[in-house]
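Enquirer: Would you be able to build a 3D model of this:
(chains A and B)
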Amino acid sequence: GQSLEQPSEVTAVEGAIVQINCTYQTSGFYGLSWYQQHDGGAPTFLSYNALDGLEETGRFSSFLSRSDSYGYLLLQELQMKDSASYFCAVNQAGTALIFGKGTTLSVSS
Amino acid sequence: NAGVMQNPRHLVRRRGQEARLRCSPMKGHSHVYWYRQLPEEGLKFMVYLQKENIIDESGMPKERFSAEFPKEGPSILRIQQVVRGDSAAYFCASSMDRDRAYEQYFGPGTRLTVT
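Expert: This is a model prediction of the structure:
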């Protein structure tokens, strides 16, 4: 079967750093994507890791360890607007994405 | 606006009626995906289509649900004889090609309510 596990909720304060972990069990793994969704709106693509290591995109970074079936999204210099749901998703051999249940991030001042 | 477009944004149907959800992919994209999302849940894959072809429908319920992506016009997700359990947000996404399936662009979704 296929499954992705991520924490359901994370809280942090403005300016802090937060890490959202994702572990997965799947076949035909090609890579791990991260998406952000505000208030049930359109999910937006944040980053993708196909190889082990860290990918940095501005305040957001994403990490992958294929041997551990593990990845994380790192958000730095948190802002109130970062309050949203964050989903990890597995890309399987060019087919659709398999999404985790999402992590709700609440940023307070 | 060259983004993914979905309509209607909200749809109310009585039990037993049909629901038709439309999706126009981003300009230049020919790969379309449909997902369903329940409150407080992740997105569940339903079907993956390319122009005139269904590539993967492994997430689609066997009965009452169908999808198409004709040569001309939007992709359509059709739900026949809707039941209360079909109430959900349905999102469409598109990608440039199969190799970039990891980077999908989503529409605003259609909120289906079955009364």
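Enquirer: use CA for all of it now, contacts and neighbours both
Expert: Fine.
Enquirer: Report the secondary structure element holding the closest residue to residue A:74 other than its chain neighbours.
Expert: In space, and not counting its chain neighbours, residue A:74 is closest to residue A:19: 4.5 Å by CA to CA, 6 or more residues apart in numbering or on different chains. Using DSSP states H and E, residue A:19 sits within strand A:18-25.
Enquirer: residues in contact with residue B:21?
Expert: Residues counted as contacts of residue B:21 (CA atoms under 8 Å, 6 or more residues apart in numbering or on different chains) are B:6-8, B:76-78, B:110.
Enquirer: could you dump whichever strand or helix holds it to PDB, C-alpha only?
Expert: Using DSSP H and E, residue B:21 sits in strand B:19-24. In PDB, the C-alpha atoms belonging to strand B:19-24 read as follows (Å, rounded to 0.1, in the frame of the first residue of the first chain):
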ATOM      1  CA  ALA B  19     -23.300  16.900 -11.300                       C
ATOM      2  CA  ARG B  20     -21.000  18.200 -14.000                       C
ATOM      3  CA  LEU B  21     -17.800  19.800 -13.100                       C
ATOM      4  CA  ARG B  22     -15.600  21.600 -15.700                       C
ATOM      5  CA  CYS B  23     -11.900  22.300 -15.800                       C
ATOM      6  CA  SER B  24      -9.800  24.200 -18.300                       C
END
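Enquirer: Give the pairing partners of that strand; include direction for each.
Expert: Here strand B:19-24 is paired, per DSSP bridges, with strand B:5-7 (antiparallel), strand B:75-79 (antiparallel).
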